[in-house]
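Enquirer: the sequence and its predicted three-dimensional model are supplied below.
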Amino acid sequence: MRIFLLALFFLGAAPALAAGPKVVVTLKPVHGLVSGVMAGIGQPHLLLAAGADPHSHAMRPSEARALAAADAVFWIGPALEGYLQKPLASLAAKARVVALSDSPGVILLPAREGGIWQEDQDHGQHEHSRDPHIWLDPRNAQAMVDHVVTVLAQLDPGNDGAYRRNGVRVVAGLVALEAEIARQLASVRALPYMVLHDAYQYFEARFYTNALGAIAVAPDRKPGARRIAAIRQRLAQGRVRCLFREAQFPANLVDTLTAGLDVRVADLDPIGRDIAAGPDAYGRILRQLSGTMENCLSYSIGP
């Protein structure tokens, strides 16, 4: 009995983690990473609701209130979430605003034009602008996690050790995730495909997949008739295994591109619209993306 009472005493005397800061994260996959870093300390608030497009979103009153109450805000940066530039500028004196595209160790790739990239190499990239879809490379995700740990430990030194332990665990999971996806895509990575929205350059570069081109650079920049005709001609040649679309593109665009052609169409989702927010979201988003890609590209492999 005495040993049992002593055990209860020491358990009760163990120091509890201090309440963490109020943290807002704009994008679901990044929210998953930050949730992992904050496990046991607090729950970050996800700013963008399911279905919101970060390229063209309009600020809602509830989102403005969440930002106003924040101690820290993690966003990708103005190249992706331009609508947040003015609201976040007004928070500079009261909250730590962190553009994760500036994280040490993040690799930034030049933004590309729409079209067929191999045929337009001289004009396929803009060296002065960067592709903002950085989270689709798990190594960039590692760099972002390290930066999030550093920022939160500075804001909340009482939980410094917990943030750092969580960060080590999250990074280990990202290393394992990269290896898992590389194995899954090994047999299909050379097979050619096209995308409607050029959001996947970081994923392509990390896993050596064979994207030929994109219909549009962003969902709000619709392709012209000349580009549609050029893409349709390439699809008609029968060298494209899959055309990957996203939910925000109108179905009639896909119909125009594929009418009368034997082209398989599948949906990719870089932000996890139908995936529950939380610490598992990042891994689930990338696994869903790689699974869709592997399934579509492998449909005609074999005898």
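Expert: Looks like it arrived, so ask away. Numbering: from 1, shown residues only.
Enquirer: list the buried residues in stretch 263-280.
Expert: 263-264, 268-273, 275, 277, 279 (16 or more other CB atoms under 10 Å). To be clear about C-beta, it is placed using only N, CA and C from the backbone, and glycine gets the same treatment.
Enquirer: what comes up buried for the helix or strand containing residue 229?
Expert: Here residue 229 is covered by helix 225-236, with elements defined by DSSP states H and E. Going by neighbour count (16+ other CB under 10 Å), the buried part of helix 225-236 is 227, 230-232, 234-235.
Enquirer: what packs against that helix?
Expert: In terms of contacts (3 or more CB pairs under 8 Å, 6 or more residues apart in numbering; DSSP states H and E), helix 225-236 is packed against strand 115-116, strand 192-197, strand 210-216, helix 251-258.
Enquirer: between these, which gets nearest to residue 161?
Expert: Among those, the nearest to residue 161 by CB to CB is strand 192-197 (41.1 Å).
Enquirer: wait, which of the buried residues of helix 225-236 is closest to residue 184?
Expert: residue 235 (25.5 Å).
Enquirer: any idea of the pLDDT on the closest one?
Expert: In the predicted model, residue 235 carries a pLDDT score of 84.
Enquirer: follow-up on the earlier one: possible to save the buried residues of helix 225-236 as CSV with distance to residue 79?
Expert: Formatted as CSV, the buried residues of helix 225-236 follow (distance: CB to CB, whole Å):
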residue, distance to residue 79
227, 22
230, 26
231, 25
232, 30
234, 28
235, 29
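Enquirer: between these, which sits nearest residue 170?
Expert: residue 231 (38.7 Å).
Enquirer: the closest one is in contact with residue 256, isn't it?
Expert: No. Judged on CB atoms under 8 Å, residue 231 makes no contact with residue 256 at a distance of 9.8 Å.
Enquirer: so where do the helices sit in the stretch 151-300 of the chain?
Expert: Ranges of helices in the stretch 151-300 of the chain, per DSSP state H, counting those that start in this stretch, are 160-185, 201-207, 225-236, 251-258, 281-297.
Enquirer: can you redo those as JSON lines with distance to residue 214?
Expert: Below are the helices of the stretch 151-300 of the chain laid out as JSON lines (distance: least, CB to CB, whole Å):
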{"stretch": "helix 160-185", "distance to residue 214": "19"}
{"stretch": "helix 201-207", "distance to residue 214": "9"}
{"stretch": "helix 225-236", "distance to residue 214": "9"}
{"stretch": "helix 251-258", "distance to residue 214": "12"}
{"stretch": "helix 281-297", "distance to residue 214": "15"}
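Enquirer: any idea which of those gets closest to residue 44?
Expert: Closest of those to residue 44 is helix 281-297, at 11.4 Å (criterion: CB to CB).
Enquirer: off-centre distance for that closest one?
Expert: Relative to its chain's centre, helix 281-297 lies at 12 Å (CA atoms, centre = their mean, to the nearest Å).
Enquirer: and what of stretch 248-259?
Expert: 24 Å.
Enquirer: what does it rub up against?
Expert: For stretch 248-259, contacts defined as CB atoms under 8 Å, 6 or more residues apart in numbering pick out 53, 196-197, 215-216, 219, 222-223, 228, 231-232, 235, 243, 245, 263, 265.
Enquirer: mark which of the buried residues of stretch 263-280 are part of strands, please.
Expert: Judged by DSSP state E, the buried residues of stretch 263-280 include residue 264 as members of strands.
Enquirer: now the stretch 101-250 of the chain, which segments are flagged as low pLDDT?
Expert: Residues of the stretch 101-250 of the chain that meet the criterion pLDDT under 70 lie in 114-128, 217-221.
Enquirer: of all the helices and strands packed on helix 225-236, which one comes closest to residue 95?
Expert: Of the helices and strands packed on helix 225-236, nearest to residue 95 by CB to CB is strand 192-197, at 31.1 Å.
Enquirer: packing partners for that closest one?
Expert: Helices and strands touching strand 192-197, by 3+ CB pairs under 8 Å, 6+ apart, are strand 210-216, helix 225-236, strand 242-245, helix 281-297.
Enquirer: one more time with 10 Å, if that's ok
Expert: Here strand 192-197 is seen to pack against helix 201-207, strand 210-216, helix 225-236, strand 242-245, helix 251-258, strand 264-267, helix 281-297 when contacts are counted using 3 or more CB pairs under 10 Å, 6 or more residues apart in numbering; DSSP states H and E.
Enquirer: just checking: what are the partner strands of it?
Expert: Strand pairing for strand 192-197, using DSSP bridges, gives strand 210-216 (parallel), strand 242-245 (parallel).
Enquirer: neighbouring contacts of the last one?
Expert: The list of residues contacting strand 242-245 from outside it, by CB atoms under 10 Å, 6 or more residues apart in numbering, reads 188, 191-197, 199-200, 211, 214-215, 231, 235, 251, 253-254, 257-258, 261, 263-269, 289, 292-293, 295-299.
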